[in-house]
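Asks: curious how this folds, go ahead:
(one chain, ligands or ions: 1)
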Amino acid sequence: MYKLITHNRHKYTEMKKIIPELEMVDMEYPELQADTLEEVVDFAINYLRDKIDGNFIIDDSGLFIEALNGFPGVYSAYVHKTIGNRGILKLMDGVENRRAYFKTVIGLNIDGYAYKLIGICHGNIAPRERGNNGFGYDPIFIPMGFEKTFAELSIEEKNRISHRGKAMRKLEAFIVKFR
Ligand code: IMP
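Replies: Got it, this is the predicted structure:
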């Protein structure tokens with residue numbers, strides 16, 4: 001049994017499809033203002049270590065837009081809360097280079113040791129919002145090789161190619177050793 005510490009039910013739904021023995025613990029933890037997702041995850045694991053009983057995982061993700069030098073990146077949650085998808089589209093108005101990637105860093109705390117599993121999904125920022133599935137930046141992200149946005153894909157389709165799907169499959173392969 002693995003506890004996923006998150007406020008985000010969408011993440012839980014996606015992740016449980018890959019690792020069914022996941023249980024959601026709705027709990028807030030401080031997010032360090034750092035330069036990388038990896039630092040945010042390290043800090044959070046250390047913070048949670050003596051507060052959570054047993055093995056647990058956390059997920060920190062971000063959208064990195066090439067033409068904006070990687071913005072919003074580690075600020076993705078705050079930027080989504082403030083300017084949202086429309087704000088990003090405005091920043092990208094008239095910008096030809098629409099390349100971007102999503103990155104997930106999963107932090108795993110197991111038997112007292114901490115590990116990180118990483119997944120990246122490359123794609124492009126869509127010209128406008130499309131689709132009703134998923135969450136966050138999904139309506140404005142078109143994964144490489146697709147015409148649809150993440151928000152136009154099913155959870156299964158998104159999981160097959162997404163940053164989180166990739167990190168979760170690495171996690172799945174990794175935890176086999178601990179069973
Ligand atoms: P965090 O990992 O919860 O800190 O997420 C940072 C921001 O990125 C939040 O605004 C999320 O909604 C957004 N986000 C995280 N993962 C995804 C995803 O898979 N698709 C779209 N947006 C995401």
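
Asks: look up how far Ala67 lies from the residue of the chain positioned farthest from its centre.
Replies: Largest separation from the mean C-alpha position in the chain: Gly94, at 27.2 Å (C-alpha atoms, centre = their mean). Taking C-beta to C-beta, to the nearest Å as the measure, Gly94 falls 10 Å from Ala67. Glycine gets a C-beta too; all of them are placed from N, C-alpha and C.

Asks: now the residue farthest from the centre of the chain, what's its secondary structure?
Replies: Under DSSP: H, G, I helix; E, B strand; the rest coil, Gly94 falls in the coil class.

Asks: quick check: buried residues in stretch 2-22?
Replies: Within stretch 2-22, the residues scored as buried using 16 or more other C-beta atoms under 10 Å are Tyr2, Lys3, Leu4, Ile5, Thr6, Asn8, Lys11, Tyr12, Glu14, Met15, Lys16, Leu22.

Asks: what's the pLDDT at the fifth one?
Replies: As predicted, Thr6 sits at a pLDDT of 96.

Asks: from Thr13, how far off is it?
Replies: 11 Å.

Asks: could you tell me which residues touch both of those two?
Replies: Counting by C-beta atoms under 8 Å, 6 or more residues apart in numbering, Thr6 and Thr13 have no common neighbour.

Asks: did I read that right, Ile88 in a helix?
Replies: Yes. Under three-state DSSP, Ile88 sits within a helix.

Asks: ok, it touching Val79?
Replies: Yes. Assessed by C-beta atoms under 8 Å, Ile88 is found in contact with Val79 at 7.3 Å.

Asks: residues shared between the contacts of those two?
Replies: Pro72.

Asks: what about those two, which has more around it?
Replies: Ile88 (23 against 20; other C-beta atoms under 10 Å).

Asks: show the pLDDT at the more buried one.
Replies: Confidence score, pLDDT, at Ile88: 98.

Asks: which strand or helix spans the closest residue to Lys11 other than its chain neighbours?
Replies: Spatially, and ignoring its direct neighbours in sequence, Lys11 is nearest to Asp59 (5.5 Å; C-beta to C-beta, 6 or more residues apart in numbering). According to DSSP states H and E, Asp59 maps onto strand 56-65.

Asks: output the contacting helices and strands for that strand.
Replies: strand 2-5, helix 37-48, helix 76-82, strand 99-110, helix 163-175 (3 or more C-beta pairs under 8 Å, 6 or more residues apart in numbering; DSSP states H and E).

Asks: my guess is Cys121 contacts Arg160. True?
Replies: No. Cys121 lies out of contact with Arg160 (C-beta under 8 Å); the separation is 10.4 Å.

Asks: and of the buried residues of stretch 2-22, the nearest to the ligand?
Replies: Nearest to the ligand, judged by C-beta to the nearest ligand atom, of the buried residues of stretch 2-22 is Asn8 at 5.5 Å.
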